[in-house]
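**Student:** Give me a model of this one.
(chains A, B and C)
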Amino acid sequence: MAGTIESRLAELGIDLPKPSTPAANYVPFVVTGNLVFISGQVTTWNGEIQYAGRLGEALSVDEGYQAARICGLNLIVQAREACSGDLDRIKRVVKLGGFVNSAADFTDQPKVINGASDLMVEVFGDNGRHARFAVGAPTLPLGVAVEVDGVFEIA
Amino acid sequence: MAGTIESRLAELGIDLPKPSTPAANYVPFVVTGNLVFISGQVTTWNGEIQYAGRLGEALSVDEGYQAARICGLNLIVQAREACSGDLDRIKRVVKLGGFVNSAADFTDQPKVINGASDLMVEVFGDNGRHARFAVGAPTLPLGVAVEVDGVFEIA
Amino acid sequence: MAGTIESRLAELGIDLPKPSTPAANYVPFVVTGNLVFISGQVTTWNGEIQYAGRLGEALSVDEGYQAARICGLNLIVQAREACSGDLDRIKRVVKLGGFVNSAADFTDQPKVINGASDLMVEVFGDNGRHARFAVGAPTLPLGVAVEVDGVFEIA
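**Tutor:** Got it, this is the predicted structure:
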């Protein structure tokens, strides 16, 4: 029997990628009390980079928005792992930290990170509304366009 | 009857801005347990940008300090909202994350973020002493000089 | 009688620096509930800068790795202070936030931050496995190569 959030994902036609496993000495998430701290997720889908390059140079705001949405999908799949597969245990998206690979004169980081923020509200409704920051970075791992980390509250 | 912290604000002659309301799918703060995660606050006063530009280029360290102080005032007003208007419920400023719009050779981010840190101690005394980071960013939303997010503990 | 983690440090031949004390209105760490939020630590050893400069320019990935390891040693010594000297009270390294002083075309931030991540697992074993982000910064305080902040869980 699919849970409420899984059903919503199906209704919305949202596929989740496979959860990535870091090759290094860190983990995708740590649960402490009711909080899950999730590692910075990038614009990969099942391990393949989808959006590389800098906003204000190679990429448009719309492309950045899609890139941030992919980061958000990777966050959700890690949060699901943290809940042993049951997305209904997610009580709240607490905080997203958004880094946007930015040319020096690019100042629309919030419009880019909206791609992750909108996704959270689509999927979790009001429980998806979160605190966040959106800042520029001069470069990011693998040249990806966006990196977003997160804190979620679970039951 | 004004609370202790409200009285201190009045004695110090510190005005708080109006709390901003994000136009997008995120919120100014999320309360989880005793912690409040507050979204990155920028150098706006009642919605109007006060300090834009890059430290080491357009702005001096003193201007950056004032910019960071404004971010801090915006954090405090959001923390007050999180406490339903009662600043005396704030037990501790736990963490500030400071991003400074920086020219490549600017390395005085700590002196800039001190504008927010000093404010917290002015207002909350020892309970205002916090952990923090202060880093450079190549650009920030709307071209603002400083962005600071925060974690507060409330009763 | 040395604790388990102190013994492991001795076996591994790992020295810890002295804990730094900020000169400004912030503190090295704040304890809230079971969590310790630790301020961004840089590449100083007992107050002296060890690695300054930008990855992809002045510094190699190996040098960056060593720089991040020093940030990690500074984090551990602050965590020890938070535990009144007893490292065995550290239950989990929850989260590291890694900022790498990066040339515009440098994209190996994860390899650099591995210097801190590997250290945590050397010292704390599986309890050292953490969530993290690794991002580029255009410049950092004092020109240091790396800054890493952290969240630890303590008993």
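**Student:** any idea of the mean pLDDT for the lengthiest strand in chain A?
**Tutor:** Criterion DSSP state E: the longest strand present in chain A is strand A:90-101. Strand A:90-101 shows a mean pLDDT of 98 in the predicted model.
**Student:** And chain C, is the helix or strand following it touching that?
**Tutor:** Going down the chain from strand A:90-101, the next helix or strand is helix A:109-124, by DSSP states H and E. No: for helix A:109-124, no contact with chain C is found by Cβ under 8 Å from any Cβ of the partner chain; the gap never falls below 12.9 Å. For glycine as for every other residue, the C-beta is placed from the backbone atoms N, C-alpha and C.
**Student:** Can you name the residue of chain A nearest chain B?
**Tutor:** A:Phe133 (3.2 Å; Cβ to the nearest Cβ).
**Student:** about what we covered before: just want the angle from the longest strand of chain A to strand C:90-101.
**Tutor:** 30 degrees (axes from the mean of the first three to the mean of the last three Cα atoms, to 10 degrees).
**Student:** which of the residues in strand A:90-101 are buried?
**Tutor:** A:90, A:92-101 (16 or more other Cβ atoms under 10 Å in any protein chain shown).
**Student:** just how off-centre is the longest helix anywhere in chain A within its chain?
**Tutor:** The helix spanning the most residues in chain A, taking DSSP state H as the definition, is helix A:61-82. Using Cα atoms, centre = their mean, to the nearest Å, the mean C-alpha position of helix A:61-82 is found 3 Å from that of the whole chain.
**Student:** which other helices and strands contact it?
**Tutor:** strand A:29-32, strand A:35-42, strand A:44-45, strand A:90-101, helix A:109-124, strand A:146-154 (3 or more Cβ pairs under 8 Å, 6 or more residues apart in numbering or on different chains; DSSP states H and E).
**Student:** let's see 7 Å
**Tutor:** In terms of contacts (3 or more Cβ pairs under 7 Å, 6 or more residues apart in numbering or on different chains; DSSP states H and E), helix A:61-82 is packed against strand A:29-32, strand A:35-42, strand A:90-101, helix A:109-124, strand A:146-154.
**Student:** These: which one's closest to C:Ala52?
**Tutor:** Of all the helices and strands packed on helix A:61-82, strand A:90-101 sits nearest to C:Ala52, with 22.9 Å by Cβ to Cβ.
**Student:** Now do that closest one and strand A:146-154, the angle between them.
**Tutor:** Using the same axes, to 10 degrees: strand A:90-101 against strand A:146-154 is 170 degrees.
**Student:** From A:Ala155, how far off is the closest residue to the residue of chain A closest to chain B other than its chain neighbours?
**Tutor:** The spatially closest residue to A:Phe133, leaving aside those adjacent along the chain, is B:Gly40, at 3.2 Å (Cβ to Cβ, 6 or more residues apart in numbering or on different chains). The gap separating B:Gly40 from A:Ala155 is 28 Å, by Cβ to Cβ, to the nearest Å.
**Student:** More neighbours: which of those two?
**Tutor:** B:Gly40 (29 against 10; other Cβ atoms under 10 Å in any protein chain shown).
**Student:** got a pLDDT number for the more buried one?
**Tutor:** pLDDT at B:Gly40 comes out at 98.
**Student:** now do A:Met1
**Tutor:** For A:Met1, the pLDDT comes out at 60.
**Student:** With A:Pro22 instead?
**Tutor:** pLDDT at A:Pro22 comes out at 87.
**Student:** rewinding a little: could you export the helices and strands packed on helix A:61-82 as CSV, including distance to C:Trp45?
**Tutor:** Shown next, in CSV, are the helices and strands packed on helix A:61-82 (distance: least, Cβ to Cβ, whole Å):
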stretch, distance to C:Trp45
strand A:29-32, 28
strand A:35-42, 27
strand A:90-101, 28
helix A:109-124, 35
strand A:146-154, 28
